[in-house]
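sequence-free structure coming up:
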DNA sequence: TATAGTGTTATAGTTAGCTATAACACTATA
DNA sequence: TATAGTGTTATAGCTAACTATAACACTATA
């Protein structure tokens, strides 16, 4: 993991896990790696990882059985998508459009950039 | 000012000042409010504000004369635009496109959202 | 040259985030 | 029931960001 400075590590881990839910690395309903395991994978202190897991639990994306482990909710994918979509539409998008205004960049230019990157970045 | 948690206040202030450069509230070559004044305006400690000003100075957007004050560089607007553009293209845009993939949102949908908000948000 | 207005630095204290380390509590199971 | 693997909590210490407050240094100017 490459952690950036501007976002707390525990939230960056949340993002990583959400991605893994969406891309199928982690499967709905299944158990996810234990706190200690994941802490090692993410090269992070167990306490920090618990923050990530607790956060995901609050959001209803994972659930916990004491002494057993954490599990993805049945509708984990739905939840992740709905949360991501919400924050994209309400928080990120307004900022993006604002920046575009400042840079005097119109939607046409953005479309070009989108298509360009599709040529080589997309799977 | 409404400060968010995820970005240091001094950087949020940097953003605010950059905006004011671009929208003409602050004029190229002119003096900008003193550390103390701006600290009050931004409802922030002078030390914090010095961080913002120092950061802007490093970027070449403002310059300092001891005992006199801070001034916008002659080419402040150019510098702000070039820095913003750089970070938009290299940092933000890739993330935006990535999120769009995750949400299975295509450029068409984004264009619609862009045009919608134009109807009521834009000046 | 005194002074008001600049920027600057220092001290001390708070908080959030993170770390290392250790101990504790619960559960499944051999 | 012992034990290995879960999650949990606690202690102590670090750093970055921020705050309050005060003192210091430089510059323009009355």
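Received, thanks. Values in this document were obtained by computation on a predicted structure and should not be read as measured data.

gap between the residue of chain A positioned farthest from its centre and residue B:29?
Distance from the C-alpha centroid of chain A, by CA atoms, centre = their mean, peaks at residue A:104 (30.0 Å). Using CB to CB, to the nearest Å, we find residue A:104 at a distance of 22 Å from residue B:29. Bear in mind the C-beta positions are built from the backbone N, C-alpha and C, glycine included.

which strands or helices does the helix or strand of chain A with the lowest mean pLDDT pack on?
Every helix and strand of chain A was ranked by mean pLDDT, DSSP states H and E. The lowest is helix A:107-120, at a mean of 87. Here helix A:107-120 touches helix B:93-102, helix B:107-120, going by 3 or more CB pairs under 8 Å, 6 or more residues apart in numbering or on different chains; DSSP states H and E.

including distance to residue A:62, could these go into CSV?
Shown next, in CSV, are these (distance: least, CB to CB, whole Å):
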stretch, distance to residue A:62
helix B:93-102, 18
helix B:107-120, 29
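
any chance of those in a markdown table, plus distance to residue A:61 and mean neighbour count?
Output for the helices and strands packed on helix A:107-120, formatted as a markdown table (distance: least, CB to CB, whole Å; neighbours: other CB atoms under 10 Å in any protein chain shown):
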| stretch | distance to residue A:61 | mean neighbour count |
| --- | --- | --- |
| helix B:93-102 | 14 | 16 |
| helix B:107-120 | 24 | 12 |
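
among those, single out whichever gets nearest to residue A:117.
Residue A:117 lies closest, by CB to CB, to one member of the helices and strands packed on helix A:107-120: helix B:93-102, at 6.1 Å.

any residue of that closest one touching chain A?
Yes. Using CB under 8 Å from any CB of the partner chain, helix B:93-102 reaches chain A at B:93-94, B:96-97, B:99, B:101-102.

quick check: which helices or strands does that helix pack against?
helix A:76-87, helix A:107-120.

residues contacting that helix, please?
Residues from elsewhere that reach helix B:93-102, judged by CB atoms under 8 Å, 6 or more residues apart in numbering or on different chains: A:19, A:22, A:81, A:84, A:88, A:92, A:96, A:113-114, A:117, A:121-122, B:106-107, B:110.

and which of these is nearest DNA strand C?
Set against DNA strand C, the nearest of those by CB to the nearest atom of the strand is residue A:19 (17.4 Å).

pretty sure that closest one sits in a helix.
Yes. Judged by DSSP: H, G, I helix; E, B strand; the rest coil, residue A:19 forms part of a helix.

quick one, grab the pLDDT at the residue lying closest to it once chain neighbours are set aside.
Closest residue to residue A:19 apart from its sequence neighbours, by CB to CB, 6 or more residues apart in numbering or on different chains: residue B:102 at 7.0 Å. Residue B:102 is assigned 84 on the pLDDT scale.

centre-most residue in chain A?
residue A:15 (2.3 Å).

may I see the buried residues of stretch A:34-50?
A:35, A:38-39, A:42, A:44, A:49 (16 or more other CB atoms under 10 Å in any protein chain shown).

quick one: is that stretch near DNA strand C?
Yes. Contact of stretch A:34-50 with DNA strand C (CB under 7 Å from any atom of the strand) involves A:43-48.

which of the helices and strands packed on helix B:93-102 sits closest to residue B:57?
Closest to residue B:57 of these is helix A:107-120 (CB to CB; 31.2 Å).

got the angle for that closest one vs helix B:107-120?
Put simply, helix A:107-120 runs at 160 degrees to helix B:107-120, going by axes from the mean of the first three to the mean of the last three CA atoms, to 10 degrees.

got the angle for helix A:107-120 vs helix B:93-102?
Orientation of helix A:107-120 against helix B:93-102 (the same axes, to 10 degrees) gives an angle of 80 degrees.

circling back: closest one to DNA strand D among the helices and strands packed on helix B:93-102?
Using CB to the nearest atom of the strand, the helices and strands packed on helix B:93-102 put helix A:76-87 closest to DNA strand D, at 15.6 Å.
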